[in-house]
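Colleague: turn this into a model:
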Amino acid sequence: MAEEEQVKWDRVRQNARAVNASPPEWPAHVAPISQSGLALLGLDAKHRLYWDGEPVEVGKPLVLTWWQSGLALVVALRTALGAWVTYSEYACRVGGKFALLAVCPQ
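Modeller: Here you go, the predicted structure:
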């Protein structure tokens, strides 16, 4: 490829944002992508999106506050307790090998 035909990536990166005004509902720091800036978008073999060689992450991590974590723990423990009580009631009625971990009233 001749020298003049090669892409000048530094120039593409400098002009990645369009000079047009952003829509009013967009955050102030967000600008549209210019026509030449589209060259910085890419896909890998599994069709994951990349911007200038970096993966584009579209998800937000789930971060719980301390009380949400505590509530989740209480719900999990109560669910496990409810399942064990239900199992015990069934195992006591059926008996045999199912009553191994059950607490049956005498």
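
Colleague: got phi/psi on the residue nearest in space to the middle of the chain?
Modeller: The structure's the chain has its C-alpha centroid closest to residue 59; by C-alpha atoms, centre = their mean the separation is 4.0 Å. Main-chain dihedrals, residue 59, degrees, to the nearest 10: phi -90, psi 160.

Colleague: for it, give me the pLDDT.
Modeller: The model reports residue 59 with a pLDDT of 83.

Colleague: can you pull the buried residues of the longest helix along the chain?
Modeller: The longest helix of the chain (DSSP state H) is helix 66-94. Residues of helix 66-94 classed as buried: 88, 91 (neighbour count, 16 or more other C-beta atoms under 10 Å). (Glycine included, C-beta is placed from N, CA and C.)

Colleague: for that helix, name the packing helices and strands.
Modeller: Here helix 66-94 touches no other helix or strand, going by 3 or more C-beta pairs under 8 Å, 6 or more residues apart in numbering; DSSP states H and E.

Colleague: picking that back up, quick one, what contacts the residue nearest to the centre of the chain?
Modeller: Counting by C-beta atoms under 8 Å, 6 or more residues apart in numbering, residue 59 touches no other residue.
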